[in-house]
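A.B. asks: no sequence on this one, just coordinates:
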């Protein structure tokens, strides 16, 4: 009984102690770290995937803020808009900082900077030049042209690119201008410069951007940036405000993992094109020489990776179709007597398809003409060499199987009432001959009757090492 009482007392003390432990107040999570995400180079699908996942992870950890440290020449419109959607819906403050010194936030980087809660730059950096450019839409008005030249430039564009191309380019500019103006109005920044950055490809240095109300801060490095952010009030997407406490905050720098690096690698249009060609070659070799397995497996994997990359990229599927037609024509040239017509046509279709492949002129996503010509020429040479080797192989005499028996020389091993046996190419065969045979006689195979070889004697001395009764 005494033990039961002491057990109940101990249990009661544990319950009281648990109830007295202070717990965080709901809705007011403890201050987390400052997460710094580095955006270097062209903004593409891999960048959007990296930023999306890391912003979600930072929000789950209740980070105090996330810093996008940018140095980018721009990138794809789809990737840029995906990042901006995550910024606009983020439950934590997002700070865009163009740095370190010498960095830039051109094109897509300017849009991301305008969408962020706080915009900052390092000295000797610049932003702007946000004019959308797409292949086939024409150049439109020359960047930086004054208003007095608008009419003449539009007339010149219509002459060079046609009215349709000029209209499409104007639609793209108007859409981009309205988009960045809406971001500027949301964050209370200079909307006039934002529109000029789109329509005239205008750019600003860090000092001019600060004076013009485009950014809020100039900071030499991340430490100075966090020091200047301390005490600033930021309005979040849900309408609440957050007072930043960053004076002595923990900084966590996040770099892309292997998954993002692999995604960035395969989303390179040139590599995607090479993967597609390897896939075609691998399947071609597997179909022409069944059973090897390795070329087929490798080709299938490469082709799937190429199609996944094309899914991520803004490709023109007419260009993909031309690439496949060109590769098919080059393969057909190795087997059909077209006197080079299919091969030349395949190279032309391949080059034109590569030029039409990417439906954007974003930096880093173009396919050079020299690369296309070199890849198509190498493909044609490889397929021609393989086809020629296969053709020579077909013309060679058969070196295995029953057909190879004709003309072979054999040695008679035994002559019995049940039949005559001879040793041919390491095997014992029943033989028949119009002339009598003796063990050790040399004969030549002249035909086959089912499983019996028809032979004729050779004018040579019998091989005396074999005698009648030798094992058959």
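C.D. replies: Cool, the structure landed. If you're wondering where the values come from, they're calculated on a predicted model, not measured in any experiment. Numbers count the residues shown, from 1 in each chain.

A.B. asks: what about residue 48, neighbour count?
C.D. replies: 23 (other Cβ atoms under 10 Å). Any C-beta I mention is one placed from the backbone N, CA and C, and that applies to glycine too.

A.B. asks: Am I right that it is in a helix?
C.D. replies: Yes - the assignment for residue 48 is a helix, going by DSSP: H, G, I helix; E, B strand; the rest coil.

A.B. asks: how close does it sit to residue 130?
C.D. replies: Residue 48 is 17 Å from residue 130, where distance means Cβ to Cβ, to the nearest Å.

A.B. asks: Please apply the same query to residue 384.
C.D. replies: Distance from residue 384 to residue 130, counting by Cβ to Cβ: 47 Å.

A.B. asks: And residue 266, by the same measure?
C.D. replies: 28 Å.

A.B. asks: Which of the two has more residues huddled nearby?
C.D. replies: residue 130 (31 against 18).

A.B. asks: show me what contacts the more buried one?
C.D. replies: Residues near residue 130 by Cβ atoms under 8 Å, 6 or more residues apart in numbering: 74, 106-108, 110-111, 176, 180, 194, 197-198, 201.

A.B. asks: can we see that at 10 Å?
C.D. replies: 74, 80, 105-111, 113-114, 173, 176-177, 179-180, 194-203 (Cβ atoms under 10 Å, 6 or more residues apart in numbering).

A.B. asks: Out of these, which sit inside helices?
C.D. replies: 80, 108-111, 113-114, 173, 176-177, 179-180, 194-199 (DSSP state H).

A.B. asks: tell me the secondary structure for residue 36?
C.D. replies: strand.

A.B. asks: got a pLDDT number for it?
C.D. replies: pLDDT recorded at residue 36 is 96.

A.B. asks: count of neighbours near it?
C.D. replies: Residues near residue 36, counting by other Cβ under 10 Å: 21.

A.B. asks: Tell me what it is bridged to.
C.D. replies: residue 67, residue 253 (DSSP bridges).

A.B. asks: all strands of the stretch 301-450 of the chain, in order?
C.D. replies: Here the stretch 301-450 of the chain has its strands, by DSSP state E, counting those that start in this stretch, at 409-416, 419-424, 427-432, 442-449.

A.B. asks: so can I have a markdown table of those strands showing mean pLDDT, mean neighbour count and distance to residue 37?
C.D. replies: A markdown table is the format used below for these (pLDDT from 0 to 100; neighbours: other Cβ atoms under 10 Å; distance: least, Cβ to Cβ, whole Å):
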| stretch | mean pLDDT | mean neighbour count | distance to residue 37 |
| --- | --- | --- | --- |
| strand 409-416 | 88 | 19 | 79 |
| strand 419-424 | 88 | 20 | 76 |
| strand 427-432 | 88 | 16 | 72 |
| strand 442-449 | 88 | 16 | 76 |
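
A.B. asks: pull the helix or strand with minimum mean pLDDT from this structure.
C.D. replies: helix 2-20 (a mean of 58; mean pLDDT, DSSP states H and E).

A.B. asks: could you pull out the helices for the stretch 151-300 of the chain?
C.D. replies: Taking DSSP state H, counting those that start in this stretch, the helices of the stretch 151-300 of the chain run over residues 191-199, 206-211, 222-229, 258-266, 269-288, 294-312.

A.B. asks: Serialize the ones you listed to a markdown table and add fields for distance to residue 345 and mean pLDDT.
C.D. replies: Shown next, in a markdown table, are the helices of the stretch 151-300 of the chain (distance: least, Cβ to Cβ, whole Å; pLDDT from 0 to 100):
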| stretch | distance to residue 345 | mean pLDDT |
| --- | --- | --- |
| helix 191-199 | 42 | 95 |
| helix 206-211 | 53 | 96 |
| helix 222-229 | 57 | 94 |
| helix 258-266 | 30 | 85 |
| helix 269-288 | 17 | 85 |
| helix 294-312 | 23 | 88 |
